[in-house]
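> what would the 3D arrangement of this be:
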Amino acid sequence: MAQVIQASELTLHDVKEKFNLQQVEDEQFFREWQDDLPEVTDAEKQWLDRVKADFISIIEYPLHEEVVKMVVLAPLLSLAGFFRYPFHPDAEVQVAAKDEEEIVRGKIDVLVLKQQLWVAVVEAKNKQFSVDKALPQALFYMLKNQNQGSNGC
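Purely as a prediction, here's the structure:
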């Protein structure tokens, strides 16, 4: 019988070993995501400054990840236009990857789709956690989509 592993329990080492993930240092990798980007407008800069100020004003207290999503994530997704056509945001999307020995299961906090293309995968954590805590889980979700499609199963 296959062992069930929660995606939230994966380490970066687990993701590298189980899914043959490799870090790419080549600056030319994904140039289309770096070149010819539009300039950030003054209004957008003000919006980003406001999101930063809102986050800074609440970080003195313990925060549930839902509060972090409201204060930081929702404004950033809105600014990026991910709540409007042709994008479709979804939340708590169930995913699973199976092989002969184990099943890895999890829930994507926020997934933004453009038809079948996964545009953004967000794994929010309480503000006390560093990005290292959410990274393995988010990478698993993105790798899982590469092999299975965007239906979450």
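> from here on, contacts and neighbour counts on C-alpha atoms
Fine.
> report the central residue of the chain.
Nearest to the mean C-alpha position of the chain, by CA atoms, centre = their mean, lies Val122 at 2.4 Å.
> roughly how far apart are Leu113 and Asp49?
To Asp49, Leu113 is 27 Å away according to CA to CA, to the nearest Å.
> neighbour count for the two, which is higher?
Neighbour tally, Leu113 and Asp49, criterion other CA atoms under 10 Å: the higher count belongs to Leu113, 18 against 12.
> isn't the more buried one up against Ala91?
No: counting by CA atoms under 8 Å, Leu113 stays clear of Ala91, with 11.0 Å between them.
> show me where the protein has helices.
With DSSP state H as the definition, the chain shows helices at residue ranges 12-19, 42-58, 65-68, 74-79, 131-148.
> which elements pack onto the fourth one?
The one in question is helix 74-79. With contacts taken as 3 or more CA pairs under 8 Å, 6 or more residues apart in numbering; DSSP states H and E, helix 74-79 sits against helix 42-58.
> and Leu79, what's its pLDDT?
On pLDDT, Leu79 comes in at 94.
> cool, and Leu135?
At Leu135, the pLDDT value in this model is 67.
> now Gln115
pLDDT for Gln115: 89.
> distance of it from Pro38?
23 Å.
> the more surrounded of these two?
Taking other CA under 10 Å, Gln115 and Pro38 do not tie; Gln115 has more neighbours (11 against 6).
> list the buried residues for the longest strand anywhere in the chain?
For the chain, the strand reaching the highest residue count under DSSP state E is reported as strand 102-114. By neighbour count on 16 or more other CA atoms under 10 Å, the buried set for strand 102-114 is 103-113.
> and of those residues, the nearest to His13?
Nearest to His13 out of these is Val104 (CA to CA; 14.8 Å).
> residue contacts, the closest residue to that closest one other than its chain neighbours?
Among residues not flanking Val104 along the chain, Ile5 sits closest, at 4.7 Å (CA to CA, 6 or more residues apart in numbering). Listed by CA atoms under 8 Å, 6 or more residues apart in numbering, the contact set of Ile5 reads 102-105.
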